[in-house]
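Asks: sharing a model that was predicted from the sequence below.
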Amino acid sequence: MTHRITLPTVAALSSFAAVGLAAAPVAAMSAPAAPDSDFARAVESTLAEVGEGVVTSFETERTGYDVEVRLADGTHVDVDLDAGFAVVRVHPDVERDDDVDRVADSVDLSRAYAAAAAEAAGGTVAGIELDDDGGYDADVTLEDGTDVDVHLDESFDVVRTERDDD
């Protein structure tokens, strides 16, 4: 069963991000953004397992979720969750992008998620991560089943949206 992040969580995520937490590590937030969203539940389970860190990638997978985190000590881990948000495995993130170290202190995946979901206009965000330029790339499935990539800059503005023809 695939869990999807739906557009109704956008308002909660947007209002949470708007209170000035853009540069705060996700673990430092007092409450998760939209606690009923798959994104927030996956982040909460991940950080409960690994401790304080900055979430740099979230992806919905066939059997659950994959969350990448830069820990407080600078190391990176990849956390696999099942569909019920239980931690299945924590392992070093050996496939990570080296640019994550450059920008990880200012990552706000909650705010990037909200911007991508707003651009999706009824679609669902299946994954979001940092891009090589300090912005964000989101994988979105529109209501008609079309997959698109939404590219955001570091200010969470949509730079471009392109159909994913892969």
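Replies: Great, that's in hand. Numbers count the residues shown, from 1 in each chain.
Asks: okay, now the unreliable bits of the chain?
Replies: Counting by pLDDT under 70, the chain contains low-confidence residues at 1-36, 95-106, 166.
Asks: again, only using 50
Replies: Scanning the chain for pLDDT under 50 picks out 1-33.
Asks: the residue most central in space within it is in what secondary structure piece?
Replies: For the chain, the residue nearest the mean C-alpha position is residue 58 (3.9 Å; C-alpha atoms, centre = their mean). Mapping residue 58 onto the secondary structure by DSSP states H and E places it in strand 53-61.
Asks: got the buried residues for that strand?
Replies: Using 16 or more other C-beta atoms under 10 Å as the test for burial, strand 53-61 gives 53-58, 60. In short, each C-beta sits where N, CA and C put it, glycine included.
Asks: send over that strand as PDB, restricted to the C-alpha atoms.
Replies: Extracted as PDB, the C-alpha positions of strand 53-61 are listed here (Å, rounded to 0.1, in the frame of the first residue of the first chain):
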ATOM      1  CA  GLY A  53      19.400  16.300  12.700                       C
ATOM      2  CA  VAL A  54      18.300  18.000   9.500                       C
ATOM      3  CA  VAL A  55      16.100  16.000   7.100                       C
ATOM      4  CA  THR A  56      17.500  16.400   3.600                       C
ATOM      5  CA  SER A  57      15.400  14.000   1.600                       C
ATOM      6  CA  PHE A  58      12.000  12.400   1.900                       C
ATOM      7  CA  GLU A  59      10.700   9.800  -0.600                       C
ATOM      8  CA  THR A  60       7.600   7.600  -0.700                       C
ATOM      9  CA  GLU A  61       8.400   4.100  -1.800                       C
END
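Asks: who touches the helix or strand just after it?
Replies: Counting by DSSP H and E, the element after strand 53-61 in chain order, helix or strand, is strand 64-71. With contacts defined as C-beta atoms under 8 Å, 6 or more residues apart in numbering, strand 64-71 is touched by 3, 38, 42-43, 46-47, 50-59, 76-85, 88, 93, 96, 100-101, 104, 107, 129.
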